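Asker: sequence and computational prediction follow.
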Amino acid sequence: MRNITALAGLLIVMLLPLTTAIAQEEEPEFTDEFPLEDCSFKPWGGNPYFILKPGRQLYLSNLRCVDAGECDELEEVWITVKKDLRKIRLPLDHKVRHVWTRVVEERETADSELKEVSRNFFADCRPTHDVYYFGEDVDIYENGVIVDHSGAWLTGKHGAMPGIIMPESAFIVGSRYFQEVAPGVALDRAEHAATGEEVEVPAGVFEDCIEVTETTPLNPDEESTKVYCRDIGLVIDGDLELHAIFGDDDKNDD
């Protein structure tokens, strides 16, 4: 009996690595290749969760976190869809396409001190209306002076290619894909965590919201949660919550 027990224990030990390996193999990878050749890219439009309308601005802050004593400093972010465009060289099949992208500026402050300004480049893939991310210019500030450009990348340079920042209709829980494909510099990736949610933030109560978990292999310990709501866009980014929307008096042009 003792020998049978010992043999059973040995089999369990031997099978554990195999079981773990099978589980790892079944875990879906993050997609890093996209049907770019099928896209007719436009620098306007977007989709209901990521709206590329010039003049539109979202204001988020962590004020409620500060008031609750859970955050040490007041963080504020202004996300503005600019009228500016950026022309991007997109290498495909040994050829180069030129894509006009919309500039979306993010301005971040901490206790009213400017910390970062990034100019992000997005385009709407027709006919799917998936919004692709083509790169960003980054200015990091200390005491009012630019000290760094960490995280800056651009499609077509150093092997960088576009990622998807927000799909239009294929929001399936469990889907995984890269938002940035800039090896060694920017490799943010998204996993669809939830859909059909209702959330309440200082700007109001919104329905038909989706939750995205963001990670990066460049820093495996980092993880953030974002919530986007239909016809609104980003409403939650970690401790940041949407407080106001400007320039949204009419519907976005298709």
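Answerer: Received the coordinates, thanks.

Asker: what bridges to the closest residue to residue 46 other than its chain neighbours?
Answerer: If the residues on either side of it in the chain are set aside, residue 46 comes closest to residue 52, at 3.8 Å by CB to CB, 6 or more residues apart in numbering. Glycine gets a C-beta too; all of them are placed from N, C-alpha and C. Bridge pairing for residue 52 (DSSP bridges) gives the partners residue 45.

Asker: contact partners of stretch 110-119?
Answerer: Residues lying outside stretch 110-119 but in contact with it, judged by CB atoms under 8 Å, 6 or more residues apart in numbering, are 73-76, 82, 84, 86, 103-109, 136-141, 143-144, 151.

Asker: need the buried ones from these selected in PyMOL.
Answerer: Only the buried members of the contacts of stretch 110-119 end up in this PyMOL selection, burial being decided by 16 or more other CB atoms under 10 Å:
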select buried, resi 75+76+82+86+103+104+105+106+107+108+109+136+137+138+139+140+141+151
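
Asker: okay, now the residue nearest to residue 46: neighbour count?
Answerer: Residue 52: 22 surrounding residues under other CB atoms under 10 Å.

Asker: who's in contact with it?
Answerer: By CB under 8 Å, 6+ apart, the contact list for residue 52 reads 43, 44, 45, 46, 81, 102, 104, 122, 123, 124, 131, 252.

Asker: could you do residue 137 as well?
Answerer: Under the criterion of CB under 8 Å, 6+ apart, the contact partners of residue 137 comprise 118, 119, 149, 152.

Asker: reformat these as a markdown table; add secondary structure, pLDDT and neighbour count.
Answerer: As requested, the contacts of residue 137 are arranged in a markdown table below (DSSP: H, G, I helix; E, B strand; the rest coil; pLDDT from 0 to 100; neighbours: other CB atoms under 10 Å):
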| residue | secondary structure | pLDDT | neighbour count |
| --- | --- | --- | --- |
| 118 | strand | 98 | 18 |
| 119 | strand | 98 | 19 |
| 149 | coil | 97 | 12 |
| 152 | coil | 98 | 18 |
